[in-house]
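J.: Predicted model, plus sequence, below.
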Amino acid sequence: MSQTRSLILLFSLASLFGCGYTFVLKGGGNLGQVSILPSINQTSLRGANMVLDSNLENELAAMGLFSHRDNLPRLRCTIVSSSSQEITSNRLAANRFRLTLTVKAEIVDLSGKVIWQAHFTDEGAYASGGQEENALEEACQKIAGRIAQAIGSIKT
């Protein structure tokens with residue numbers, strides 16, 4: 001193959017793989033935007049539902065998946081459990097603890113029918129002498145990011 005043909009092939013492949021277009025099979029689109037229902041907190045963590053809702057709104061908005069419109073599927077989340085455990089025990093340093101949260105996320109359509117659901121578990125850390133709520137922001141941010149990614153990949 002000549003050098004000119006090789007360069008043309010190389011540039012053609014580079015432009016094909018570098019373009020921002022994607023191809024979707026007919027009839028198989030993404031879910032699109034959702035609105036958020038207030039989260040339910042079934043744990044003893046104070047304000048956990050508000051922290052989760054704030055992070056969900058930020059993450060979904062950053063991905064273009066959030067809207068305040070009423071005629072959209074709705075995301076409903078429930079913080080179903082939390083637990084803490086010591087992760088370091090060192091006499092010379094402050095002990096660290098891990099807060100683990102589990103959240104059930106559901107997408108409901110306008111009639112209230114569940115069209116998607118999943119459970120997400122992640123964690124945040126806090127220092128000795130602190131409270132579990134000190135790790136809420138970190139844990140909720142991680143979970144909200146994972147929920148947003150999952151919603152972005154839901155096919156209708």
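T.: It's in.
J.: Run a quick neighbour tally on the residue nearest to residue 121 when sequence neighbours are not counted.
T.: Distances taken as Cβ to Cβ, 6 or more residues apart in numbering put residue 102 closest to residue 121, at 4.6 Å, once the chain neighbours are dropped. (C-beta placed from N, C-alpha, C; glycine too.) By other Cβ atoms under 10 Å, the residues close to residue 102 number 18.
J.: With residue 139 instead?
T.: Neighbours around residue 139, by other Cβ under 10 Å: 29.
J.: Pairing partners for the helix or strand encompassing residue 85, with directions?
T.: Following DSSP states H and E, the helix or strand that holds residue 85 is strand 74-86. Here strand 74-86 has these sheet partners by DSSP bridges: strand 35-36 (parallel), strand 40-41 (parallel), strand 96-108 (antiparallel).
J.: re the thing from before, my guess is the residue nearest to residue 121 meets residue 79, correct?
T.: Yes: Residue 102 is within contact range of residue 79, at 7.5 Å (criterion: Cβ atoms under 8 Å).
J.: And the pLDDT at residue 10?
T.: Note on residue 10: pLDDT of 52.
J.: again with residue 13
T.: So residue 13 comes in at 47 (pLDDT).
J.: residue contacts, the residue lying closest to residue 53 once chain neighbours are set aside?
T.: Using Cβ to Cβ, 6+ apart and skipping residues adjacent in sequence, the residue nearest residue 53 is residue 39, 5.2 Å away. Residues near residue 39 by Cβ atoms under 8 Å, 6 or more residues apart in numbering: 48-50, 52-53, 56, 76-79, 103.
J.: same check, this time on residue 143
T.: By Cβ under 8 Å, 6+ apart, the contact set of residue 143 is 52, 55, 101, 103, 120-122.
J.: next one: residue 130
T.: residue 97.
J.: what does residue 127 give?
T.: Residue 127 neighbours (Cβ under 8 Å, 6+ apart): 94-97, 134.
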